[in-house]
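Build me a structure from this.
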Amino acid sequence: MAWFPLESNPDVMNKFLQKLGVSDKWNIVDVYGLESEALAWVPKPVLAVILLYPYSESHNSQSTQQCDEIKEKGQVISPDVFFLKQVVSNACGTIALIHSVANNTDKIELNDGKFKELLDSSKDLNPEERGELLQKVAGQIMSVHQELAQEGQTELKPDEAVNHHFIAFVHKNGCLYELDGRKEFPINHGTTSPETLLEDAARVCKVFIERQSDDINFTVLALTAVEA
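Next up, the predicted model:
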């Protein structure tokens, strides 16, 4: 089964989060540039950064090589990182939002509902089992995704190949993690802090952009505190 693809539209994403019980004290905003001057305009604190990038065969090859190198050399992954695998087509936008919120439940107040139930019931599951649970059990989450995906500005064809992919970057226990439901595991990109998460994630986003410098179809978003 394929879901409708979710657009990189902060208004749509914020409706999605609020319908699933995320406090309206937090919202998704556009990040208009990756240099320090542009990043300074992003409201603080920043809890997560989301990147939408063009998915290509060359990127897939580089990603496979990266994962193979990590398997050989190893990496440190905090057991506190919440990570789930993508097992259904076009769900990457929803998974990026889930990763962003699930790794910040110490800061984000969640109202009772299917989203909170999903997180609570999947704490002791592995990433594959979490992905299956999202597909099979969380019907309300899927229905909200489908409803709000249709609010976007692009004509929706759920069975058509989507050439863009969402991933999330979060801080956990002093490290910056890339969370991509298509990969086997989180990617540790080194040290960061709550105060420098935005800048450190921007550095990694620049690497993605440099790999495909002939393509301008990148979007960066951030999960931040609502400005008073």
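
For this structure, give me the ranges with low pLDDT.
The model of the chain has pLDDT under 70 over residues 1-6, 137-162, 216, 228.

and the spatially most central residue of it, what does it touch?
Geometric centre of the chain, nearest residue: Ala96, 2.1 Å, by CA atoms, centre = their mean. If you count contacts by CB atoms under 8 Å, 6 or more residues apart in numbering, Ala96 has them with Ile50, Phe166, Ile167, Ala168, Leu179, Gly181. C-beta: built from backbone N, CA, C; applies to glycine.

which one among those residues gets closest to Lys114?
Among the contacts of Ala96, Gly181 lies closest to Lys114 (CB to CB), at 18.7 Å.

need the next SSE after the strand or helix carrying Asn60, C-terminal direction.
Per DSSP states H and E: Asn60 is located in helix 57-73. Remark: after helix 57-73, the chain's next helix or strand is helix 92-102, criterion DSSP H and E.

Name the nearest of the contacts of Ala96 relative to Glu7.
Within the contacts of Ala96, distances to Glu7 taken as CB to CB reach their minimum at Phe166, with 10.3 Å.

How about the secondary structure of the closest one?
strand (DSSP: H, G, I helix; E, B strand; the rest coil).

Return the distance of the closest residue to it other than its chain neighbours relative to Glu178.
Closest residue to Phe166 apart from its sequence neighbours, by CB to CB, 6 or more residues apart in numbering: Ala96 at 3.9 Å. Separation of Ala96 from Glu178 (CB to CB, to the nearest Å): 11 Å.

can you give me the strands for this protein?
For the chain, the strands defined by DSSP state E cover 26-31, 46-54, 164-172, 175-179, 187-191, 219-225.

and the fifth one, what other elements does it pack with?
So that's strand 187-191. If contacts are counted by 3 or more CB pairs under 8 Å, 6 or more residues apart in numbering; DSSP states H and E, strand 187-191 sits against strand 175-179, helix 197-211.

nearest to Gly190, of the ones you listed?
Shortest distance between Gly190 and the helices and strands packed on strand 187-191, using CB to CB, is found for strand 175-179: 6.0 Å.

who does that closest one pair up with?
Strand 175-179 pairs in its sheet with strand 164-172 (antiparallel), strand 187-191 (antiparallel), by DSSP bridges.

just the angle between the shortest one and helix 197-211, please?
Meaning strand 187-191. 130 degrees (axes from the mean of the first three to the mean of the last three CA atoms, to 10 degrees).

Then the first one?
Strand 164-172 runs at 150 degrees relative to helix 197-211, counting by the same axes, to 10 degrees.

What lies in contact with strand 164-172?
Strand 164-172 is contacted by residues 5-6, 8, 47-55, 78, 80-81, 92-93, 95-97, 99-100, 103-104, 176-180, 182, 189, 192-194, 197, 200-201, 204-205, 217 when judged by CB under 8 Å, 6+ apart.

CA atoms of that strand as PDB?
What follows is strand 164-172, C-alpha atoms only, in PDB (Å, rounded to 0.1, in the frame of the first residue of the first chain):
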ATOM      1  CA  HIS A 164      12.200  13.200  -3.100                       C
ATOM      2  CA  HIS A 165      12.900  12.000   0.400                       C
ATOM      3  CA  PHE A 166      12.500  13.400   4.000                       C
ATOM      4  CA  ILE A 167      15.000  12.700   6.800                       C
ATOM      5  CA  ALA A 168      15.400  14.200  10.200                       C
ATOM      6  CA  PHE A 169      18.300  15.300  12.400                       C
ATOM      7  CA  VAL A 170      18.100  15.300  16.200                       C
ATOM      8  CA  HIS A 171      20.300  15.800  19.200                       C
ATOM      9  CA  LYS A 172      20.500  12.900  21.600                       C
END
